[in-house]
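> test case, fold it:
(one chain, ligands or ions: 2)
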Amino acid sequence: KELINNPDNQIIMEIKIKLNGTEMTADVEPRTLLVHLIREKFSSTGTHIGCDTSSCGACTILIDGKSAKSCTILAVQVNGKEISTVEGLLTAEGLHPIQEGFKENHALHCGFCTPGMMMRAVELLEKNPNPSEDEIRWGISGNLCRCTGYNNIVSAIKYASAKIRGAELPSTEPKFV
Ligand code: FES
Ligand code: FES
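Ligands and ions are numbered 1, 2, ... in the order given. Next up, the predicted model:
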């Protein structure tokens, strides 16, 4: 739907998405960024904005299961698609394995990168449930942690991998490297 005759003479488009399993509708300008749709129209502020230039990965979400940086995608581009954000990880069964991994391995400091890191890791583990350390590090190379907590983030992803596969969980003792 396109409405042109609003008071500001702006073009407004109605879009529908499924956000964490719930059908949502919003009227947006063609220039509205996906991250602003998620945070401002749908009040899902778990998705962060760091750089606004596709560099840091703080805004990473899943579009139809594929990770994407929502700061450089227009809201109208995801009309009819399924969006998953960090808020959708917790279910009635409890924490998602990646959330448990981050918790058990103290894989966050300020937490700013955490939602994006988790969503990227979810896709990584869906594609490759048993990644090597190199594959994990390469997999999260588009997500920056300004607190430089990479070692614990890698441990968290290894923990989630073991949990998903039903393998023995790795030690969560702190490692000093
Ligand atoms: Fe999107 Fe940094 S805010 S990549
Ligand atoms: Fe602070 Fe990663 S925990 S940016």
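> drop to CA atoms for contacts and neighbour counts, all remaining ones
Fine.
> and the residue in the chain positioned nearest to ligand 1, how far from ligand 2?
Proximity of the chain to ligand 1 (CA to the nearest ligand atom) peaks at S54, 3.4 Å away. Distance, S54 to ligand 2, using CA to the nearest ligand atom, to the nearest Å: 15 Å.
> tell me the contacts of that residue?
S54 makes contact with 69, 71-72, according to CA atoms under 8 Å, 6 or more residues apart in numbering.
> any regions of this protein where pLDDT drops low?
Scanning the chain for pLDDT under 70 picks out 1-8, 175-177.
> what residues does the top helix by length along it touch?
Counting by DSSP state H, the longest helix found in the chain is helix 150-165. With contact meaning CA under 8 Å, 6+ apart, helix 150-165 is reached by 97-98, 100-108, 121, 125, 129-131, 133, 136-137, 168-170, 172.
> who in the chain is up against ligand 2?
108-114, 145-147 (CA under 6 Å from any ligand atom).
> which of the residues you listed has the most neighbours?
T114 (27 neighbours; other CA atoms under 10 Å).
> once you drop chain neighbours, what's closest to that one?
Distance criterion CA to CA, 6 or more residues apart in numbering; nearest residue to T114, sequence neighbours excluded, is L108 at 6.6 Å.
> that neighbour contacts G149, doesn't it?
Yes. L108 lies in contact with G149 (CA atoms under 8 Å); the separation is 6.6 Å.
> for the residue of the chain closest to ligand 1, phi and psi?
Taking degrees, to the nearest 10, you get phi 70, psi 20 for the backbone angles of S54.
> same question, M24
phi -130, psi 150.
> how about it, what does it touch?
Counted by CA under 8 Å, 6+ apart, M24 has contacts 16-18.
> can you tell me how far it sits from R31?
19 Å (CA to CA, to the nearest Å).
> now swap in S155 and tell me
Using CA to CA, S155 is found at 39 Å from R31.
> more neighbours, these two?
S155 (24 against 12).
> for that one, give its distance to ligand 2.
14 Å.
> next one: A121
In this view, A121 and ligand 2 are 14 Å apart by CA to the nearest ligand atom.
> ok, how many other residues are close to the residue lying closest to that residue once chain neighbours are set aside?
Closest residue to A121 apart from its sequence neighbours, by CA to CA, 6+ apart: I157 at 6.7 Å. Around I157 there are 31 other residues, counting by other CA under 10 Å.
> quick check: buried residues in stretch 99-106?
99-102, 104-106 (16 or more other CA atoms under 10 Å).
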